[in-house]
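Peer 1: Have a look; sequence and predicted model below, questions after that.
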Amino acid sequence: MRVLPLACAGVLAVAGTTIRPRAFQSEPAPHASYSVERSYPHDRGAFTQGLEYVDGFLYEGTGLNGRSSIRKVKLETGEVVQQRDVPSEYFGEGITVWKSDLYELTWRSQTAFSYDRATFAPKKTFSYAGEGWGLTHDDRSLIMSDGSSSLRFLDPATFAEQRRISVIDGGRPIARLNELEYVRGEIYANVWQTDSIVRIAPDSGRVLGWIDLRGLLRADEQAGVDVLNGIAYDAEHDRLFVTGKLWPRIFQIKIVR
C-alpha cells in the first residue's frame, strides 16, 4: 500500500544540515502493556488517520480518496457534530489542532491544509516534500511523520522545516512511524501495520519505550477493520485514547509499565 523510505540510522538533520547525534542506548527500550478503563463508540466508516482531543471533543481526520474528511466528534456517543469533506483527489492523513487552526496532511499530494478550527473554513495551503502521514505539535512546532524513521519539526506559520530527528531504538531505526500525539513531553507514534505505539524523546529521537496494544478488539469486532491508528490525549484529565481505521470503538487506556 505504501512504499516506505528508510532514514539513515543515527543521523539528525537541523535546518537542512546533517549532524551526528549523541550516542543512543545499546539496549532496546522496555515494553509495557495496558488496561482498558472505558470504551466509546466509533464510526466504522471512519478510516482514521489523525485524532486529537481538545476542549471536550475529538477532532478526527479520515482518509481514502473520495472519503477523506475532517470531523468534530462527541467522545461519549461518537456523534459527528461537524464535518468538512476533502476533495476526492486528496487522500487525507494526520491532523492536529494548533491554537485557532486545524492542520491536515495529505498522503502523496505533498500538500497540507489549514482550516479555521471553529468553522472548518479553509485558510491556507502548504507544500512539503515526500509523503504525509502523522501530525502533532509541541508548544513551538508542528511535528510530522512521513512513513520513514524520521520526524520533522515544522514552523506552523510557513510549514518550513526547522529540524529533523531520526527515531532509534537500541541502535536500530524505527520506520513506518504513523499517527502522532504529544503526551507529557514525549511523542507517541503508531507503528504502521503493528499493534504497537512507540514513545519517543523529542530532543534526540531516542525510543523511551513501547506500548503493546494487542487484544483491544474482541474477535467478533475484527471483521472489516484495518490497522491500529489513532492516539489522542486529554491533558486536563490525563486520559489516553486509542483507536484504529474502521474500528467500532475508541478505547481509553492506562499504560501498565
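Peer 2: Nice, thanks for sending it over.
Peer 1: Now for this protein, the helix or strand with the poorest mean pLDDT.
Peer 2: strand 17-19 (a mean of 39; mean pLDDT, DSSP states H and E).
Peer 1: Show the subsequent helix or strand relative to it.
Peer 2: Using DSSP states H and E, the helix or strand that follows strand 17-19 towards the C-terminus is strand 31-41.
Peer 1: Kindly provide the whole-number mean pLDDT of that next one.
Peer 2: Mean pLDDT, strand 31-41: 98.
Peer 1: Relative to it, what are the paired strands and their orientations?
Peer 2: strand 207-212 (parallel), strand 249-256 (antiparallel) (DSSP bridges).
Peer 1: Now do the helices in the protein.
Peer 2: Using DSSP state H, no helices are assigned anywhere in the chain.
Peer 1: so where's it shaky on pLDDT?
Peer 2: The chain contains residues with pLDDT under 70 at 1-25.
Peer 1: repeat that with 90
Peer 2: By pLDDT under 90, the low-scoring segments of the chain are 1-27, 257.
Peer 1: what's Val36 in contact with, if anything?
Peer 2: Leu216, Phe251, Gln252, Ile253 (Cβ atoms under 8 Å, 6 or more residues apart in numbering). All C-beta atoms are positioned from the backbone trio N, CA, C, and that covers glycine.
Peer 1: Quick check: chain neighbours aside, which residue is closest to the last one?
Peer 2: Computed as Cβ to Cβ, 6 or more residues apart in numbering, the closest residue to Ile253 that is not its neighbour in sequence is Tyr34, at 4.5 Å.
Peer 1: Show me the beta-bridge partners of the one you found.
Peer 2: Under DSSP bridges, the beta-bridge partners of Tyr34 are Ile255.
Peer 1: Can you get me a residue count around it?
Peer 2: 19 (other Cβ atoms under 10 Å).
Peer 1: I figured it hits Gly215, correct?
Peer 2: No. The criterion here is Cβ atoms under 8 Å, and Tyr34 misses it with Gly215 at 9.0 Å.
Peer 1: Next, Trp247: phi, psi?
Peer 2: phi -80, psi 150 (degrees, to the nearest 10).
Peer 1: measure Phe241 to Ser127 for me?
Peer 2: Distance, Phe241 to Ser127, by Cβ to Cβ, to the nearest Å: 31 Å.
Peer 1: neighbour-wise, which of these two wins?
Peer 2: Between Phe241 and Ser127, counted using other Cβ under 10 Å, the more crowded position is Phe241 (24 against 9).
Peer 1: which one of the contacts of Val36 sits closest to Gly171?
Peer 2: Nearest to Gly171, judged by Cβ to Cβ, of the contacts of Val36 is Ile253 at 29.2 Å.
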